[in-house]
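Engineer: Just the structure for this:
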Amino acid sequence: MSRWMWLILILSLSGGVGRAADSAAPASAVSADTMHCAAFSPYVGQLNPDWGAHPSPELIDNLLDRLIAQTPFRCIMTYGVTNGLEHTFAAARARGLKVIAIIWLDRDIAMNSQSISEGIAAARTYSDTIVKLACGSEVRTRHAKALDSEILRCLDAFREAGVRQPLTTIDTWWEWCDRAADCQPTEFAAKVDWIGANIFPWWENKFSGLYPCTSAEQAADFHIARLSQLRKTYPDKPVVVTEFGWPSGPENGTEVNGHTGQHCGVASPANQALVVKSTLAKLAEKGWSGVVFEAFAENWKPGNEGLFGSYWGICAGQAPYACQGIPQR
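Structural biologist: Take a look at the predicted model:
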């Protein structure tokens with residue numbers, strides 16, 4: 001059986017992403033609230049979120065059609081509500097997809113205000129499609145606590161507007177542990193409805209002195225361990241791994257840990273499939289939600305993330321956007 005056939009098998013048993021009409025998973029396999037989703041950004045090909053043209057409605061439609069035709073995912077997580085990305089919600093509704101919508105926040109306060117306003121409007125208009133909301137993604141990872149006031153302003157604005165979808169801010173598990181090995185709650189604990197944590201042992205292997213060496217074979221257990229830690233820290237909040245994954249290339253590439261000098265974690269299609277498959281299987285066993293990072297490879301990312309940045313997609317970032325080896329429906 002090919003690696004992608006294994007991925008399809010696991011996904012079909014995971015709940016929340018399989019075909020509603022023909023899923024073979026027993027009702028008791030996962031809770032009704034469990035969602036297994038794919039992170040969706042339409043900045044494929046030569047598109048770049050920092051300059052130039054924005055994704056067109058036709059491109060967004062095409063990418064979602066390719067995702068639906070080639071994978072079992074029926075839930076996506078999106079990264080903004082402006083610059084053409086707002087079309088994603090109508091396109092998702094038309095295709096029966098559910099959405100976790102991130103309101104993008106950064107240093108541009110006026111842009112943040114626009115995003116908050118348009119995010120509230122989208123949450124109201126597409127209340128049947130947008131099922132969860134996040135005020136920012138990895139804001140503390142990028143800016144430490146300098147923009148905490150913007151996150152709180154966003155959360156307060158959605159509350160005051162009467163938006164009913166569950167709210168959070170998404171960040172790495174380390175930030176949700178308040179940068180403490182014994183995992184302490186952050187100031188946002190009382191402000192959010194759920195915990196959205198990004199967990200990447202690949203980047204731990206490069207930057208972390210605490211967990212400097214996690215192989216692809218160990219990645220799923222690492223994800224579950226960090227989620228378990230957060231569930232103990234936030235016992236009254238649902239905890240979701242909002243990004244996890246592994247790069248498929250450059251083939252056999254690896255990073256060097258800045259603290260220990262270790263080479264741990266090898267990029268390859270087989271290791272990407274292993275991490276995705278094994279993590280989804282463990283999440284399904286526990287009835288926990290998760291988001292695979294990412295649906296389509298983004299070619300602009302090497303400028304930000306080095307050689308591995310354009311290899312996180314389970315589908316190609318160039319037309320015809322093939323999800324290699326995944327059978328058609």
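Engineer: Quick check, Thr71 in contact with Ala38.
Structural biologist: Yes - with contact defined as Cβ atoms under 8 Å, Thr71 counts as touching Ala38 (7.1 Å). All C-beta spots, glycine's among them, are computed from the backbone N, C-alpha and C.
Engineer: any residues in contact with both of the two?
Structural biologist: Residues touching both Thr71 and Ala38 (Cβ atoms under 8 Å, 6 or more residues apart in numbering) are Ala295, Ile314.
Engineer: between the two, which one's more packed in?
Structural biologist: Per other Cβ atoms under 10 Å, whichever of Thr71 and Ala38 has more neighbours is Ala38, with 26 against 22.
Engineer: Make sure the more buried one is indeed in a strand.
Structural biologist: Yes - the assignment for Ala38 is a strand, going by DSSP: H, G, I helix; E, B strand; the rest coil.
Engineer: okay, it: pLDDT?
Structural biologist: pLDDT for Ala38: 97.
Engineer: Poorly predicted segments of this protein, please.
Structural biologist: The chain contains residues with pLDDT under 70 at 1-32, 325-329.
Engineer: 90 - rerun?
Structural biologist: 1-34, 72, 302-306, 324-329 (pLDDT under 90).
Engineer: Helix, strand, or coil at Ile120?
Structural biologist: Three-state assignment for Ile120 (three-state DSSP): helix.
Engineer: Relative to Ser115, how far out is Glu298?
Structural biologist: Distance, Glu298 to Ser115, using Cβ to Cβ, to the nearest Å: 20 Å.
Engineer: and what of Leu97?
Structural biologist: 21 Å.
Engineer: Ser228 too?
Structural biologist: The value you get for Ser228 to Ser115, if Cβ to Cβ is used, is 33 Å.
Engineer: what sits up against the longest strand along the chain?
Structural biologist: Across the chain, the longest stretch assigned as strand under DSSP state E is strand 130-137. With contacts defined as Cβ under 8 Å, 6+ apart, strand 130-137 is touched by 35, 75, 79, 89, 98-105, 116, 119, 122-123, 147, 150-151, 154-155, 158, 163, 165-171, 194, 196, 198, 240, 242.
Engineer: Would you write out the ChimeraX command that picks the buried residues out of the residues you listed?
Structural biologist: One line in ChimeraX is enough to select the buried ones among the contacts of strand 130-137; burial here means 16 or more other Cβ atoms under 10 Å:
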select :35,75,79,89,98,99,100,101,102,103,104,105,116,119,122,123,147,150,151,154,155,158,163,165,166,167,168,169,170,171,194,196,198,240,242
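Engineer: Leaving out the residues flanking it, which one is nearest to Phe207?
Structural biologist: With sequence-adjacent residues excluded and distances taken as Cβ to Cβ, 6 or more residues apart in numbering, Phe207 is closest to Gly258, at 6.2 Å.
Engineer: isn't that neighbour right up against Asn205?
Structural biologist: No - if you go by Cβ under 8 Å, Gly258 and Asn205 don't touch, sitting 10.0 Å apart.
Engineer: Just want to know which of the two has more residues nearby.
Structural biologist: Taking Gly258 and Asn205 together and counting by other Cβ under 10 Å, Asn205 has the greater number of neighbours (24 against 13).
Engineer: what bridges to Ala134?
Structural biologist: Ile102, Thr168 (DSSP bridges).
Engineer: could you measure the nearest residue to Lys286 once chain neighbours are set aside against Pro185, distance?
Structural biologist: Closest residue in space to Lys286, ignoring its immediate chain neighbours: Ile224 at 7.5 Å, by Cβ to Cβ, 6+ apart. To Pro185, Ile224 is 20 Å away according to Cβ to Cβ.
Engineer: before we move on, what SS does Asn271 have?
Structural biologist: Under three-state DSSP, Asn271 falls in the helix class.
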